[in-house]
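Engineer: Sequence first, then the predicted structure, then my questions.
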Amino acid sequence: MVSNNERLKKLISRVLDIELNSITDTTSPETVESWDSFNGLMMVSELENEFSVRFTMDEVHAVKCVKDIKEALGLQGVKFEDE
């Protein structure tokens, strides 16, 4: 079974068109050129579909890096294993 960490990384890799192994908890719009406002919105949509959740605008605006995405998903009941 694919872990939620793997699912998240594959989604981010696909949306941002970056290498899977380059994604860490500190990956952010400041470290990835393709993480612009458009791809950020695409990622929100993909995350909601992949993990069957809905984010509020406050949650969307609070995300500054991959760790924040995991925390937002965690508040929605999505569990992440330690890597």
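Structural biologist: Alright, I've got the coordinates.
Engineer: Number of residues surrounding the closest residue in space to residue 29 that isn't next to it in sequence?
Structural biologist: Leaving aside its chain neighbours, residue 29 sits nearest to residue 35 (4.2 Å; criterion: C-beta to C-beta, 6 or more residues apart in numbering). In short, each C-beta sits where N, CA and C put it, glycine included. Using other C-beta atoms under 10 Å, residue 35 has 19 neighbouring residues.
Engineer: Would you agree residue 35 is in contact with residue 16?
Structural biologist: Yes: with contact defined as C-beta atoms under 8 Å, residue 35 counts as touching residue 16 (5.6 Å).
Engineer: Quick check: neighbours shared by these two?
Structural biologist: Here residue 35 and residue 16 have residue 43 as joint contacts, going by C-beta atoms under 8 Å, 6 or more residues apart in numbering.
Engineer: State the distance from the residue nearest to residue 29 to residue 8.
Structural biologist: 14 Å (C-beta to C-beta, to the nearest Å).
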